[in-house]
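Q: no sequence on this one, just coordinates:
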């Protein structure tokens, strides 16, 4: 009986690996589609205290809002107050195209926020924005922790991939961008006060949808939607994180569709 259970478990593991491989094969933009199993990047959080010691980095694909879905693998695992939490992120990362996307805008959607660094370097390499513009960072958190190191060649996209996933985490991706002069400075929008401040004329927009989490309900929803929509209109390059540890993914996707007027506004 034990041998049969072992066989079933091995078969299930093979099927899961096959499913992940199929997803990776569908990714046509050469980023993601793998597990991180060592104590690196986002997988370093509470690594020694966890049972599940791997996280999934989904594949990047071109897709519209109707293609966005929640995945099946944990993209972030953390021990919080003694409880191991397996946070399921998106099925894919998405280069958003089609309905709701204005011509000329480059918009990337993903779960863990450190991926912003990769997409900034990618967009810079593709001349989508000028090096040294301002970064506008909308987030419940500042994400300005020091990185473990700043040793990355931002002109080498393969080096950027490795650095983004093995060195950076969800709280340490902004300072390397400033260090390498991708941006001249960062304007952080994380409160009512900061929402009222003027921002630079030219900027790259970075949004964490946890700005719309329940913890941020003290700010009027319509005002947040109006203000963030204004920022979206003024930016050509936009990175958006769904941050599964900090906000439910259904709620995050719901907000996203309201921001781009794919769905009518409603209470969360």
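A: Everything's here; your move. Everything numeric here is computed off the predicted structure, so don't read it as measured data. Residues are numbered from 1 along each chain as shown.
Q: was I right about residue 231 contacting residue 138?
A: Yes - counting by CB atoms under 8 Å, residue 231 does reach residue 138; the two are 6.8 Å apart. Every residue, glycine included, has its C-beta placed from N, CA and C.
Q: shared neighbours of the two, anything?
A: Here residue 231 and residue 138 share the contacting residues 189, 205, 207, scored by CB atoms under 8 Å, 6 or more residues apart in numbering.
Q: So the last one belongs to a strand, correct?
A: This means residue 207. Yes - using DSSP: H, G, I helix; E, B strand; the rest coil, the assignment for residue 207 is a strand.
Q: Was I right to think it contacts residue 228?
A: Yes - using CB under 8 Å, residue 207 makes contact with residue 228 at a distance of 6.6 Å.
Q: Counting neighbours, go ahead and name the busier of the two.
A: Set residue 207 next to residue 228 and count neighbours by other CB atoms under 10 Å: residue 207 wins out with 28 against 21.
Q: Contact partners for the more buried one?
A: 138, 139, 228, 231, 238, 239, 240, 241.
Q: what sits against the second one?
A: By that I understand residue 139. Residues counted as contacts of residue 139 (CB under 8 Å, 6+ apart) are 113, 188, 189, 190, 206, 207, 208, 210, 211.
Q: go again using 6 Å as the cut-off
A: 190, 208, 211 (CB atoms under 6 Å, 6 or more residues apart in numbering).
Q: how about the helices of this protein, start to end?
A: With helices called from DSSP state H, the chain shows them at 2-26, 115-125, 157-166, 174-179, 192-195, 221-233, 249-259.
Q: Return the member of these having the minimum mean pLDDT.
A: When the helices of the chain are ranked by mean pLDDT, helix 2-26 comes last with a mean of 40.
Q: Pull the number of nearby residues for the nearest residue to residue 125 once chain neighbours are set aside.
A: Closest residue in space to residue 125, ignoring its immediate chain neighbours: residue 157 at 6.4 Å, by CB to CB, 6 or more residues apart in numbering. By other CB under 10 Å, the residues close to residue 157 number 15.
Q: List just the nearest of the shared contacts of residue 231 and residue 138 to residue 85.
A: residue 207 (23.1 Å; CB to CB).
Q: mind checking how far that closest one is from residue 148?
A: 25 Å (CB to CB, to the nearest Å).
Q: Let me know the angle separating the longest strand along the chain from helix 249-259.
A: Taking DSSP state E as the criterion, the chain has its longest strand at strand 70-80. Per axes from the mean of the first three to the mean of the last three CA atoms, to 10 degrees, the angle that strand 70-80 makes with helix 249-259 is 120 degrees.
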